[in-house]
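Trainee: Return a 3D structure for these sequence lines:
(chains A and B)
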Amino acid sequence: MKKIYNLILLLMVAAACQPDEFPAIGKKNPVIPQLIGTWSIVSVKQTDNDAQRKGFPLFAQTQDLTQYFPYQDFNITLNTNESGSPGTFSVTLGNSPNILGGITSGLWNVDNENFPSALTFSENDLQSTVEIGSLAEIGAGKLELKVIRYQDTSKGPQPVITYDYLLSKTN
Amino acid sequence: MKINKLLFFVCMGFAPLAWAQPTSTVDPQVFTAEDEITISVDVTGTSLANYTGDVWIWAWIFQGCSSNCDAPTNVNPANETISDALMQRDETNPNLYTISFVPTDFFARAPAEIQKIGLKLKSQDWADNKQSDVDIILNVEPLVFTPKVSRTFPTKVTQHDVITLYLDQKLAVAPALKYELSDFTVAVEAYNANGEMVGSVVTKDAVNQGNGEHYIRVIPTYDFDAPGLDHLRYRFISKNNAEVESEWFDVLLLDLN
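Mentor: Model (predicted):
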């Protein structure tokens, strides 16, 4: 008799189970507005991709360049146009090397406004493309950018040098 | 008068031997033994200039191998069995020849055995006396890390890159440099593609990181206010005795994307 009660109780509990409703995911946080502002360089890392492919010792693969040149002077300000899309930009170098290869002001753009993976900076005939390393901490005002140099080979373009720049939002 | 005539005939006698050096390029400029390379040779001014027959490459391992260093295609007279060594003549410049190959395949050797490549261009038979006259030597980047008196980081650079120039004085041959106790300064010169020095000499104090290793860092476009940078030359000089100095080392500035 007790077994029958337990079975009925179990069936009642099972019948009472309802799937939980998933909470709303919420509105997607667009990236472009979070890119707007002034960014300065926090750290610079240089990697020899050839040495990495060949398995050279670590000291011959990657170096931290942050302290050797005044990269901290480098500031870049990104603006949007009236429709909220990427617009103008300007660079303040101070004594820093220019990580954009001579470009100091002009227009910037992204490869995909919803899921950007690269930023392109243009000034007259000059153009520089910088890959986005990570947007994971953009909400905390941190942005990782990559500048990669490629060499054309019979196997297609191969990366030979990679710069990893960590930037923080100052304004 | 007699002496002048004698000099004239002596000079005339040697004139046919004074061949010009062939000009050559290799793409990519910096390569390993496992990369496919394209070698271009302009034979203008050599005994092979204006030759209209088939032209072949005669190649050997200049450094890195101890025996049988010739390419398997080094067969004289050349024949159809070594078609891999047949040079392609340019359609517009008949003195320009190209060939593409992967060094490890071409020499059938391990990468470690191919450190420098030597080559000449020739007609079918050496007896024709039609050849590029002067040996062309190509450096091959190692596939394994090899400590050297001088090395750069990264191994391939452009004029926009941060370049770290190292001296490992432990590996120096000259005792004065090898056992120098003082720190070093480094003189760096920049050159254009015509081999002309551009901008001013840049001098920087080297960082002594211990164990006989010293380095400086430069960015060509940052440190040299000059257009058309093609390559750098640098040497380490003792701060204690300017007569203790390394040889000049070269850094080729590549055109990467």
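
Trainee: Quick check: pLDDT value at B:Gly13.
Mentor: Note on B:Gly13: pLDDT of 42.

Trainee: got any ranges where the stretch 101-250 of chain B has weak pLDDT?
Mentor: The stretch 101-250 of chain B contains no residues with pLDDT under 70.

Trainee: That one: helices as residue ranges?
Mentor: For the stretch 101-250 of chain B, helices defined by DSSP state H, counting those that start in this stretch occupy the ranges B:103-107, B:175-178, B:220-223.

Trainee: Could you export these to TSV, including columns for mean neighbour count?
Mentor: Bear in mind the C-beta positions are built from the backbone N, C-alpha and C, glycine included. Putting the helices of the stretch 101-250 of chain B into TSV (neighbours: other CB atoms under 10 Å in any protein chain shown) gives the following:
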stretch	mean neighbour count
helix B:103-107	20
helix B:175-178	14
helix B:220-223	20
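
Trainee: Out of these, which is closest to B:Ile37?
Mentor: Closest of the helices of the stretch 101-250 of chain B to B:Ile37 is helix B:103-107, at 7.0 Å (criterion: CB to CB).

Trainee: correct me, but A:Ser90 touches A:Leu107?
Mentor: No: in this structure A:Ser90 lies outside contact range of A:Leu107 using CB atoms under 8 Å: 10.8 Å.

Trainee: I'd like to know how many residues surround residue 159.
Mentor: In the absence of a named chain, chain A is used. 17 (other CB atoms under 10 Å in any protein chain shown).

Trainee: You answered for a different chain; I wanted chain B.
Mentor: B:Gln159: 22 surrounding residues under other CB under 10 Å.

Trainee: And for B:Ala172?
Mentor: Around B:Ala172 there are 19 other residues, counting by other CB under 10 Å.

Trainee: Just give the closest residue to it, not the sequence neighbours.
Mentor: B:Lys178 (4.3 Å; CB to CB, 6 or more residues apart in numbering or on different chains).

Trainee: try A:Gln158
Mentor: In space, A:Gln158 is closest to A:Gln151, 5.4 Å off (CB to CB, 6+ apart).

Trainee: swap in A:Asp64?
Mentor: Distance criterion CB to CB, 6+ apart; nearest residue to A:Asp64, sequence neighbours excluded, is A:Lys45 at 5.7 Å.

Trainee: Could you pick out the residues of the stretch 101-250 of chain B near chain A for me?
Mentor: Residues of the stretch 101-250 of chain B lying near chain A by CB under 8 Å from any CB of the partner chain: B:141, B:143-145, B:153-158, B:160-162, B:164, B:217, B:219, B:221-222.

Trainee: now these: which count as buried?
Mentor: By neighbour count, with 16 or more other CB atoms under 10 Å in any protein chain shown, those hold B:141, B:143, B:153-158, B:160-162, B:164, B:217, B:219, B:221-222 as buried.

Trainee: May I have stretch B:143-160 exported as CSV, CA atoms only?
Mentor: Written as CSV, here are the backbone C-alpha positions of stretch B:143-160 (Å, rounded to 0.1, in the frame of the first residue of the first chain):
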residue,chain,number,x,y,z
LEU,B,143,65.0,26.5,-39.5
VAL,B,144,66.4,26.0,-36.1
PHE,B,145,67.5,28.7,-33.7
THR,B,146,71.2,29.3,-34.3
PRO,B,147,73.2,31.6,-31.9
LYS,B,148,75.2,34.1,-33.9
VAL,B,149,77.5,37.0,-33.1
SER,B,150,74.9,39.2,-34.5
ARG,B,151,71.2,38.5,-34.9
THR,B,152,68.1,40.6,-35.3
PHE,B,153,64.6,40.3,-33.8
PRO,B,154,62.4,39.7,-35.6
THR,B,155,64.2,37.9,-38.4
LYS,B,156,62.1,39.6,-41.2
VAL,B,157,61.5,43.3,-40.9
THR,B,158,60.2,46.3,-42.7
GLN,B,159,61.2,49.9,-42.3
HIS,B,160,58.2,50.4,-40.0
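
Trainee: picking that back up, tabulate the helices of the stretch 101-250 of chain B in CSV, adding columns for distance to B:Asp133.
Mentor: Formatted as CSV, the helices of the stretch 101-250 of chain B follow (distance: least, CB to CB, whole Å):
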stretch, distance to B:Asp133
helix B:103-107, 22
helix B:175-178, 36
helix B:220-223, 35
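
Trainee: hmm, back to that, give me the distance between the residue nearest to B:Ala172 and B:Val244.
Mentor: 10 Å (CB to CB, to the nearest Å).

Trainee: Next: B:Leu86.
Mentor: Distance of B:Leu86 to B:Val244, given as CB to CB: 51 Å.
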